[in-house]
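1. build me a model from this:
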Amino acid sequence: MESQVNPYGPILYSGLPIIITLLLVLILGVIVLVLFIRGRKEDADPNTSQMPRRFWMTESDKGRVRALYLGKLSELESRLRSGEIEFRPAYQELSVTIRDFVKDISGIDLTKSTLSELRLKNVPVVSSLIETYYEPEFAVETDDDVYKAICDAGMVIERWI
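-> Residues are numbered from 1 along each chain as shown. From the prediction side, this is the model:
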């Protein structure tokens, strides 16, 4: 009489392969869930101030961007002196110019940020500069010196790292 020996019998009847498979699926699911939540949290946070990782500029590129925006400030000052533009639209243009500069030089988009959002984005020099523009930008009359504001914006542009 022939003996039939099945060496896989006890393993097939045990729940060990099923338990190991379920544990591996569970661990993999937890890892995917954690990565998904971290990714969504970073995408959803509008107050992140980190520069995009792909945004790198050479020093010569930074120099060209600085020169472009210093030229815009110079042109704004010339239009002010000639009477082509008044103080209020000048402050509005100054605010747009400094926000565009920060976006072009660092990749941090401040173009649609309110003052409170600017404070959260870790650009204190820009937020304090734009804060000084708020009163004259929205006032009918102001005692503020728009030429000093242009000079201050120029210093921020020149000293930006």
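2. for the helix or strand that contains G63, what is the average pLDDT?
-> When elements are defined using DSSP states H and E, G63 is found to belong to helix 59-82. The average of the pLDDT scores along helix 59-82 is 93.
3. quick one: contacts of that helix?
-> Contact with helix 59-82 is made by 57, 85, 87, 90, 93-94, 97, 100-101, 104-105, 146-147, 150, 153-154, 157-158, 160, as judged by C-beta atoms under 8 Å, 6 or more residues apart in numbering. No exception for glycine: its C-beta is placed from N, CA and C like everyone else's.
4. any idea of the angle the very next helix or strand once past it forms with helix 59-82?
-> The first helix or strand that comes after helix 59-82 along the chain, using DSSP H and E, is helix 87-106. Here helix 87-106 points in a direction 180 degrees away from that of helix 59-82 (axes from the mean of the first three to the mean of the last three C-alpha atoms, to 10 degrees).
5. ok now the helix or strand just after helix 87-106, how far from the chain's centre?
-> Secondary structure here is assigned by DSSP H and E; on that basis, the next helix or strand after helix 87-106 toward the C-terminus is helix 115-120. Taking C-alpha atoms, centre = their mean, to the nearest Å, one finds helix 115-120 lying 12 Å from the centre of the chain it belongs to.
6. so what does helix 115-120 touch, helix or strand wise?
-> helix 124-138 (3 or more C-beta pairs under 8 Å, 6 or more residues apart in numbering; DSSP states H and E).
7. what distance separates the next helix or strand after the helix it packs on from the centre of its chain?
-> Beyond helix 124-138 on the C-terminal side, the first helix or strand identified by DSSP H and E is helix 146-159. For helix 146-159, the distance between its averaged C-alpha position and the chain's averaged C-alpha position is 22 Å (C-alpha atoms, centre = their mean).
8. right, I'll call it a day here.
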